[in-house]
Structures are given as C-alpha cells and as structure tokens.
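In: could you work out the structure for the sequence below:
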Amino acid sequence: MLQNYLKIAFRSLQKNKGYSAINIGGLAVGMSVAMLIGLWVYDELTFDRYHRNYERLVQVMQHQSFNGSKGTERSIPMPLVTELRNRYGADFKHLAMSSWPGGHILSYGDKKISKPGNYMDVEMPEMLSLEMVKGDYSALKETNSIMLSAKTVEALFGSAEPMGKVIKMDNKLDVRVTGVYKDLPFNSEFRDLTMIVPWELFIASQPWAKKSRDEAKWDNNSYQLYAEVADHVDVEKLSAKIKFVKLNRMKKDEIASKPEIFLHPMKNWHLRSNWVEGENTSGFIQYVWLFSIVGLFVLLLACINFMNLSTARSEKRAKEVGIRKAVGSLRSQLIGQFFSESFLVVTIAFFCAIVLATNLLPAFNEIASKKIEFPWTQPVFWFISAAFIFTTGLLAGSYPALYLSSFQPVKVLKGVIRSERFTAVPRKALVVVQFTVSITLIIGTVIVYQQIQHTKNRPIGYDHNGLIMTTVAAPEFAQKADVIQEELMSSGAIANVALSSSPPTGIWSNNGGFSWKGMDPNLQADFGTVWVTKDFGKTVGWKFKEGRDFSKQFLTDSTAVVLNEAAVKFMGIKDPVGKVVQWGYGKEAEFFTIIGVIQDMLMESPYEPVKQVFYFTGKATNFMTVKLSPEKSATGSIAVVESVLKRHVPAAPFEYKFVNEEFGKKFASEERIGKLAAIFAGLAIFISCLGLFGLASFVAEQRVKEIGVRKVLGASILNLWQLMSQDFVVLVVISCIIASPIAYYFLNDWLLTYKYHTTVQWWIFPAAAGCAMLITIATVSYQAIRAALINPVKSLRSE
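Out: Residues are numbered from 1 along each chain as shown. The predicted structure follows:
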C-alpha cells in the first residue's frame with residue numbers, strides 16, 4: 001500500500017512540476033531557516049553546560065542602594081570569602097576568588113605573546129571541570145605557577161614540552177607551567193580564559209590587594225567570587241541565608257548602601273543577566289524566545305504555501321477522489337494517500353534544506369558571532385530531524401488531506417464541488433496570516449535599525465576619529481612615559497598623546513566618600529573616577545561648558561578636578577568652577593578645586609545615562625591614547641608609535657585598537673539582532689511571495705475563459721490586470737491592519753527596556769504597508785499580465 005502511495009505521489013509531482021518546485025522550494029527555505037534558528041537556540045540554551053557542575057555553580061553578587069535606586073553588581077569585597085568560609089562552610093563545596101579578566105604578556109625566550117586570563121583560587125579549575133591535557137587540578141598550589149590553555153601553549157612553545165618551563169609574565173613575574181587544559185568552548189562564559197594564575201600570587205604582587213585582605217576592607221568592591229554549593233543545599237535558600245552577611249560586618253558610616261549579598265546561578269549568567277531595582281528581569285532569553293517564534297512562523301509560512309496550492313488545485317484532484325471513492329476507497333485510505341504526498345515533498349525539501357543550511361552556516365555564524373557546527377555524529381540530531389520531518393509533513397498535509405478526502409463522489413463526478421465563495425475563504429485567511437507575519441517582521445527590522453541609529457547619533461562629547469589606544473604592560477613604562485610622549489610629539493606622526501587610568505571607552509574605577517558645600521546630607525555620593533595626564537583633553541577633544549582644561553602652566557592643577565555635566569547635575573550646584581570637593585574623612589581627606597566642566601563624555605553603554613565622573617590629573621599609567629596626525633597616513637603614524645615604544649619598552653608587545661571601532665562594538669549585540677531580523681524578514685517575504693506567485697498562477701489558469709470573454713467584450717490589459725490583482729491587494733491591506741498594532745505592542749515594549757531609546761514613529765506603518773503592497777503587486781502582476789495577453793481565440797476554443 002505504501003509503495004502504491006509513493007508511486008502516485010511521484011507521478012503527481014512530475015505532472016505538476018511548477019507547483020512542485022514552488023512547494024519544495026518554499027519548504028526548503030522555510031526548513032533551512034528553522035534549522036539555523038534551531039541550532040542558534042540550542043547553542044544559546046546550552047551556554048555554559050560544558051561545565052559538569054553547571055547546576056551547582058554560582059557567582060556571589062550584591063545589590064546596593066544609592067539615592068533611592070537599587071543597583072546590582074558582580075564586584076564584591078575580598079573579606080567576604082573568608083566570612084562565608086567561616087560561617088557557611090558546610091553549605092559550600094568550593095569558594096574561589098577571582099580577579100577581573102585582563103590581558104597579560106607571556107614571554108619565553110624570544111617569544112612574546114599577549115593573552116587574556118585571570119588570577120584565581122586553587123579550587124577554580126576543578127569547579128570549572130577543565131579538561132586537563134597535562135597536570136591535574138592541584139596545578140595552582142604553588143604560588144609562582146601558571147596553567148595555560150592548549151592553544152596558548154602552542155602559541156608560546158610550539159611543539160616543545162611546556163610542563164616545568166619557567167616563563168615571565170608581564171615582564172616582572174617568573175611563573176612555572178604546572179598544567180595545560182583543553183580550550184573552553186565558544187559558548188562558555190570562560191571561553192577567553194587562556195591562562196590561570198594563582199590568587200596568592202595576585203595578593204603577593206599587588207600591594208593594594210594585600211592591604212585589602214589584611215585590613216579586611218569591606219568597602220573595596222574590586223573582586224569576583226565564584227562558588228559551588230554543596231549537593232544537599234538549595235541555592236535560593238542559601239542565597240536568602242547570606243543576604244546580610246556584608247551589612248553585618250560594615251561600619252555604621254558605610255552601611256548607607258544597604259548591601260545585600262546573593263547567589264546568581266550559572267544557568268542564569270548568560271540568558272538572564274538584566275537587573276532592574278534588584279530584580280532579575282530578563283536578558284538575552286527574550287531574543288531566544290523571539291527567534292524561536294520567528295523560526296516557527298517562517299516554517300509555518302512555507303507550510304501555508306503547501307496548503308494553499310494543494311487546496312487551490314482541488315478541482316484537478318476532485319474527479320480522482322470521486323472515482324476512488326466510487327470503486328470502494330475509504331476516506332482513511334485517501335487521507336493516507338495525500339499525507340504520503342505531503343511527507344514525500346517534505347522529505348525532499350528537508351534534504352534540500354540541509355544542503356542550503358550547510359552552505360549558509362558560515363555566513364550565519366559570522367553574522368550571529370557564533371561557532372555553530374552541524375552535529376552530524378550525534379544520534380539525537382537525526383532523531384530530532386525525523387521528528388522535524390514528521391511534524392512539518394503533518395502540519396503541511398493535514399488540511400489538504402482532510403479537505404480533499406471530504407469530497408462526495410456524487411457531486412464531484414457531476415462537476416459540482418463547492419461554490420468558489422466558500423472554498424476560497426480558507427486560502428485567503430492563510431494568505432492574510434502569511435503577510436501579517438511578514439509585515440510584522442518588516443516593521444520590527446525598521447524599528448531595530450532606528451534604535452541603533454538613534455543611539456549612534458547620540459552626542460559622545462569627544463572626537464574619537466583618528467584615536468588609537470594601547471596598553472603598555474611593562475614596569476619601566478611609568479618611568480619612561482614622559483620621554484616616550486616627547487619623542488612621539490616631535491616625530492610629527494601624531495597630533496597629541498596622553499595617558500589615563502581608564503580607556504576612552506570605559507570607566508574602570510568608581511568611588512564614594514565625596515562631599516562639598518551645600519551637599520544634601522541624604523545623598524550618597526558615588527562617582528566614576530578617572531586619572532589623566534594634562535594633555536588628555538586636547539588628545540580626545542573634549543568640549544568645555546565652563547572653566548578651563550588641565551594645564552602644565554598651573555602647578556596647582558595636581559589638586560584640581562574637572563567634572564562632566566552629569567556630575568554637576570548630580571551634585572546640584574550652580575557656578576561649580578572654583579568650588580571645593582572633599583574626598584575622604586578626617587586626616588586622610590583630600591581637597592580638590594573644580595576648574596572646569598566638560599560636555600558629557602560617553603564612555604560606557606550608549607543605551608544608558610552618562611555616569612557622573614570626576615577627572616583628576618596624575619596616576620595615569622594604564623592606557624595611552626594617541627591622536628594620529630590627519631596630515632599623515634594612519635599606517636605610517638602607527639608604525640612610528642610602534643617603533644618608539646619598542647625602542648624604549650622592548651619587553652612589551654605593541655597592540656593597539658582604534659577608539660571608534662571599540663566604541664562601535666557597544667552596538668554589536670543590537671546590530672546582530674537587526675541583521676538577523678532583516679534576513680528573516682526578507683526570507684519570510686520571499687516565501688510568502690513564492691506562495692502568492694503560485695496561487696496567482698492557479699487563479700489565472702482557472703479564470704482563463706473569463707478573461708477571454710472579457711477581452712472579446714472590450715476589456716483592456718489594464719482592466720484585466722486590476723481584476724486579477726485587486727483580490728490579493730485587499731488581503732495585504734487586511735494583513736497590514738492586523739500587523740500594525742501587534743508590531744507596535746511588542747516593539748514599544750522592547751524599546752522601553754533601554755533607558756536611552758527612540759520612539760515608534762507613525763510613518764513606519766504606512767511605509768511597511770506600502771512596501772508589502774509593491775511586493776505583492778510585482779509578484780501578482782507577472783501572472784496577471786501574462787493571462788491578460790493570451791489570445792481569446794485560444795482560451796475560448798472549446799466553447
């Protein structure tokens with residue numbers, strides 16, 4: 001029986017090659033989109049699942065309240081780990097301190113490389129369940145040891161044996177390789193962890209860190225703490241248990257922030273990372289659900305094409321059904337026949353989709369910033385594929401099978417099926433669904449693009465064009481900084497050069513303890529703090545609203561401070577220039593005079609309000625920012641900077657970044673979402689038009705005699721084109737009316753997740769409708785004009 005079904009199905013496909021191509025092509029595109037989205041969703045949902053202890057791993061974080069607003073941060077004070085070990089040791093299997101990730105220079109012989117890594121407690125490798133290539137989890141027990149990833153070992157030692165080798169880190173620390181681990185997967189929070197150095201070495205080599213630990217400074221939130229909870233412990237209950245552990249140890253003058261310690265499970269790190277007023281609201285999970293829905297809808301559009309074309313051709317199959325029923329076929333047998341045709345089309349489309357998705361995957365990975373691969377060798381992939389074929393075949397074939405098998409043999413053999421008025425209703429409804437989805441995606445793509453452009457057009461308060469920044473990790477750089485700056489300025493290759501404690505694209509230090517005359521006693525004064533050399537303003541081109549810049553002509557500028565507009569607004573002071581700001585208390589207090597106010601310099605997220613910042617002069621040795629000369633080539637100028645640095649600091653490799661490119665990376669996530677949305681919207685429109693083209697072809701075929709009569713009676717080609725197109729245009733208009741409020745509701749909510757956002761403008765909806773209308777008319781016009789040009793003699797020959 002099955003063999004007979006398949007034989008008839010093949011014959012049906014061969015007989016109707018055009019419709020078969022449309023069905024298979026549409027389904028193949030829809031299925032390939034669903035495959036790519038499915039692989040992307042799987043990659044997102046399995047983020048960090050590489051780690052065996054995934055369900056038990058947490059990061060210790062804290063909420064703090066400032067001026068009536070509760071913020072959430074990953075930074076914690078160092079004494080917290082000791083407190084948790086002493087008071088709640090039985091609830092934790094492991095507790096491990098970690099520094100923030102940073103770049104480090106590794107040197108072995110003449111080879112120097114720069115790699116990101118962390119200082120971590122000895123328990124961290126086991127917690128992360130690293131796959132050890134050489135050594136074991138106790139590799140960090142020696143203070144001067146280091147663990148390297150396999151690729152880092154290859155870059156530094158080539159094929160030589162790395163174990164036991166002594167290398168120099170950051171041109172000052174000698175460390176011995178005691179372990180090699182397999183590189184972590186791309187979909188892991190720790191994918192850039194190419195080296196691990198013992199936490200004890202961090203304490204020993206950083207005096208301020210040692211002071212923070214020895215003096216138990218609870219107000220210094222500069223570190224990270226990870227933990228693995230014990231098997232018998234409930235994470236939420238333990239989180240509630242340790243809530244006030246920090247608050248109970250702080251001094252009375254430090255508790256205004258009301259810190260609340262909590263545990264953030266690893267399963268929420270990537271997908272649920274957004275916090276609003278201490279509540280874990282959402283995060284990237286919203287895009288996972290969004291694209292899951294988009295993938296299902298795109299597949300549904302392809303299935304709708306199959307349904308529409310199958311039911312539209314009902315008259316062609318009506319007599320076949322009537323004869324089969326007359327000779328004894330059961331309805332269940334006919335349903336089986338039509339489902340076999342559906343599954344055959346879906347199976348062919350599936351293998352076409354596999355080929356299409358395989359070829360598109362590299363481009364998709366580049367757009368989505370992923371390293372996804374097809375899991376050919378995993379049985380679960382083929383099981384899901386079989387289920388995918390079955391579900392799609394069932395979805396696409398159910399309506400045609402039930403509809404066609406319901407024909408009554410007496411009526412169909414007489415040539416009476418149903419009135420066209422009623423048979424066309426389901427098809428029209430499905431077309432409306434198709435274009436509603438497509439128009440919604442078009443509107444969404446436009447609004448995402450507008451949000452990105454709105455933020456990119458935001459004033460940034462400085463000129464980032466022609467700026468490069470570099471970090472020089474060498475102890476001797478601080479002593480030679482002035483000589484290097486002078487030599488660079490005299491070279492003619494650069495316009496300006498300056499040093500700072502934070503890059504122009506970030507604020508790496510925040511401090512409290514500030515006060516000033518007229519300050520609100522209830523105000524918690526928390527400011528970003530950046531130290532710069534006196535030429536920093538000229539280098540980045542910041543713009544003054546009041547006062548003056550730092551100057552080498554004023555010796556008193558060592559106790560001067562420059563504020564941004566946000567700081568002045570936050571402090572609530574008028575005429576700030578000349579006012580004095582106190583930092584600290586008692587004998588340790590320092591006093592700074594405000595000499596200028598600059599336009600807000602956008603250094604952090606472009607989607608958030610600008611933070612209040614104090615700029616001081618001095619202590620600026622971490623970052624060097626260079627303004628390239630506009631009269632010289634960028635390549636030549638950068639070569640000059642490199643040669644000067646190598647001459648004075650030969651131990652440090654030269655690595656630089658363009659500031660405008662680094663700033664552009666802040667839009668990367670939204671731009672990826674926008675590109676993916678645009679691609680999926682385009683494919684949705686393509687699939688919808690493919691079905692519309694097939695449907696228009698069938699309608700033209702069905703009305704060929706009517707068109708012939710109308711031409712004989714004097715109808716023009718324009719009249720016939722309008723006749724053929726108007727029904728489809730009406731359906732698209734209905735789709736626009738339905739899609740507009742749906743798109744507005746969801747996209748307006750999405751925009752509100754950003755503090756700095758655009759608004760949904762009214763013109764987007766008629767523009768999207770007009771675009772859909774033009775595409776529809778263009779799709780239908782070919783068939784309409786082709787039908788209108790047929791000689792009526794041929795179309796009326798049998799009458």
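
In: what score does Ile261 have for pLDDT?
Out: Per-residue confidence (pLDDT) for Ile261: 92.

In: show me what contacts it?
Out: Listed by Cβ atoms under 8 Å, 6 or more residues apart in numbering, the contact set of Ile261 reads 60-62, 76, 80, 242-246. The way it works is simple: take the backbone N, C-alpha and C, and place the C-beta from them, glycine included.

In: list the beta-bridge partners for it.
Out: Gln62 (DSSP bridges).

In: quick one, phi psi at the spatially closest residue to Tyr585 that is not a sequence neighbour?
Out: Spatial nearest neighbour of Tyr585, chain neighbours left out: Gly513 (6.9 Å); criterion: Cβ to Cβ, 6 or more residues apart in numbering. Note on Gly513: backbone dihedrals following degrees, to the nearest 10 are phi 80, psi 20.

In: verify the contact between Gly513 and Trp583 for me.
Out: Yes. Between Gly513 and Trp583 a contact is recorded at 5.9 Å, counting by Cβ atoms under 8 Å.

In: for the contacts of Ile261, give me CSV that also has neighbour count and pLDDT.
Out: As requested, these are exported to CSV (neighbours: other Cβ atoms under 10 Å; pLDDT from 0 to 100):
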residue, neighbour count, pLDDT
Val60, 24, 95
Met61, 19, 94
Gln62, 24, 92
Ile76, 23, 90
Leu80, 24, 92
Ile242, 20, 92
Lys243, 17, 89
Phe244, 13, 87
Val245, 18, 84
Lys246, 26, 82
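
In: so which of those is the closest to Glu126?
Out: Taking Cβ to Cβ as the measure, Glu126 lies nearest Val60 of the contacts of Ile261, at 17.6 Å.

In: how about that closest one, secondary structure?
Out: Look at Val60: counting by DSSP: H, G, I helix; E, B strand; the rest coil, its state is strand.

In: check contacts around it.
Out: Shown in contact with Val60 (Cβ under 8 Å, 6+ apart): 76, 80, 84, 225-227, 261-264.

In: which ones are touching the residue nearest to Tyr585?
Out: 525, 583-585.

In: mind listing what's buried in stretch 278-294?
Out: 282-283, 285-288, 290-292, 294 (16 or more other Cβ atoms under 10 Å).

In: tell me who's in contact with Ala345.
Out: Let me fix one detail, which is that residue 345 is Val and not Ala. Applying Cβ under 8 Å, 6+ apart, we find Val345 in contact with 13, 20, 23-24, 27, 306, 393, 396.

In: tell me which element it is part of?
Out: helix 331-368 (DSSP states H and E).

In: on that earlier part again, looking at the buried residues of stretch 278-294, spot the one nearest Thr72.
Out: Among the buried residues of stretch 278-294, Gly283 lies closest to Thr72 (Cβ to Cβ), at 12.0 Å.

In: name the SS class of the closest one, please.
Out: coil.

In: show me what contacts it?
Out: 268, 270-274.

In: how much space separates it from Glu44?
Out: Note on Gly283: its distance to Glu44, by Cβ to Cβ, to the nearest Å, is 11 Å.

In: need the overlap of contacts for the two.
Out: 270-271.

In: related to what we said a few turns ago, filter the buried residues of stretch 278-294 down to the ones in strands?
Out: Within the buried residues of stretch 278-294, no residue falls in strands by DSSP state E.

In: pipe those into a markdown table and attach pLDDT and distance to Ala429 per row.
Out: Output for the buried residues of stretch 278-294, formatted as a markdown table (pLDDT from 0 to 100; distance: Cβ to Cβ, whole Å):
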| residue | pLDDT | distance to Ala429 |
| --- | --- | --- |
| Ser282 | 77 | 34 |
| Gly283 | 80 | 37 |
| Ile285 | 86 | 32 |
| Gln286 | 85 | 30 |
| Tyr287 | 85 | 30 |
| Val288 | 88 | 30 |
| Leu290 | 85 | 25 |
| Phe291 | 87 | 26 |
| Ser292 | 89 | 24 |
| Val294 | 86 | 21 |
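
In: which of the residues you listed fall within helices?
Out: 285-288, 290-292, 294 (DSSP state H).

In: I'd like to know which elements the following helix or strand past the helix holding Val345 is packed against.
Out: Scanning forward in sequence from helix 331-368 by DSSP H and E, the next helix or strand is helix 379-404. When contacts are defined as 3 or more Cβ pairs under 8 Å, 6 or more residues apart in numbering; DSSP states H and E, helix 379-404 sits against helix 17-45, helix 285-312, helix 314-326, helix 331-368.

In: quick check, pLDDT for Ser419.
Out: Ser419 is given a pLDDT of 46.

In: likewise Ser310?
Out: pLDDT, Ser310: 69.

In: also Leu13?
Out: 60.

In: kindly report the same for Gly38.
Out: Reported pLDDT for Gly38: 90.

In: now it. Nearest residue, chain neighbours left out?
Out: Once flanking residues are discounted, Gly38 sits nearest to Gly295: 6.5 Å by Cβ to Cβ, 6+ apart.

In: count of neighbours near that neighbour?
Out: As a burial measure, Gly295 scores 21 neighbours (other Cβ atoms under 10 Å).

In: same check, this time on Thr759
Out: Thr759: 11 surrounding residues under other Cβ under 10 Å.

In: which ones among the contacts of Gly283 are found in helices?
Out: Per DSSP H, the contacts of Gly283 never map to helices.

In: what's the helix or strand where Leu676 lies packed up against?
Out: Element membership of Leu676, judged by DSSP H and E, is helix 668-702. With contacts defined as 3+ Cβ pairs under 8 Å, 6+ apart, helix 668-702 has these neighbours: helix 17-45, helix 285-312, helix 331-368, helix 420-456, helix 717-751, helix 764-788.

In: dump those helices into TSV; add distance to Phe686 as well.
Out: Listed next are the helices and strands packed on helix 668-702 as TSV, based on distance: least, Cβ to Cβ, whole Å:
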stretch	distance to Phe686
helix 17-45	7
helix 285-312	9
helix 331-368	13
helix 420-456	9
helix 717-751	15
helix 764-788	9
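
In: okay, strands next: where are they in the stretch 401-550 of the chain?
Out: 467-471, 494-500, 510-511, 514-516, 527-532, 544-547 (DSSP state E, counting those that start in this stretch).

In: returning to that earlier point: closest one to Asp520 among the helices and strands packed on helix 668-702?
Out: It is, among those and with distance given as Cβ to Cβ, helix 420-456, at 31.6 Å.

In: now the angle from the closest one to helix 717-751?
Out: Going by axes from the mean of the first three to the mean of the last three Cα atoms, to 10 degrees, helix 420-456 is angled at 50 degrees with respect to helix 717-751.

In: quick check: angle from helix 420-456 to helix 764-788?
Out: Using the same axes, to 10 degrees: helix 420-456 against helix 764-788 is 140 degrees.

In: helix 420-456 vs helix 285-312, what angle?
Out: 160 degrees.

In: list the buried ones in helix 420-456?
Out: Buried residues in helix 420-456, counted by 16+ other Cβ under 10 Å: 424, 427-428, 430-452, 454-455.

In: chain center to that helix, what's the gap?
Out: Mean-position distance between helix 420-456 and its chain equals 24 Å (Cα atoms, centre = their mean, to the nearest Å).

In: now swap in stretch 138-157 and tell me
Out: That offset, for stretch 138-157, works out to 31 Å (Cα atoms, centre = their mean).

In: what sits up against that stretch?
Out: Residues from elsewhere that reach stretch 138-157 (Cβ under 8 Å, 6+ apart): 106, 108, 111, 113, 115, 120-122, 124-125, 130, 132-133, 135, 162, 165, 167, 169, 173-184, 193-201, 204.

In: can you give me the pLDDT of Lys456?
Out: On pLDDT, Lys456 comes in at 86.

In: Trp208 now?
Out: In this model, Trp208 is scored at 79, pLDDT.

In: against Thr533, how distant is it?
Out: Trp208 is 21 Å from Thr533, where distance means Cβ to Cβ.
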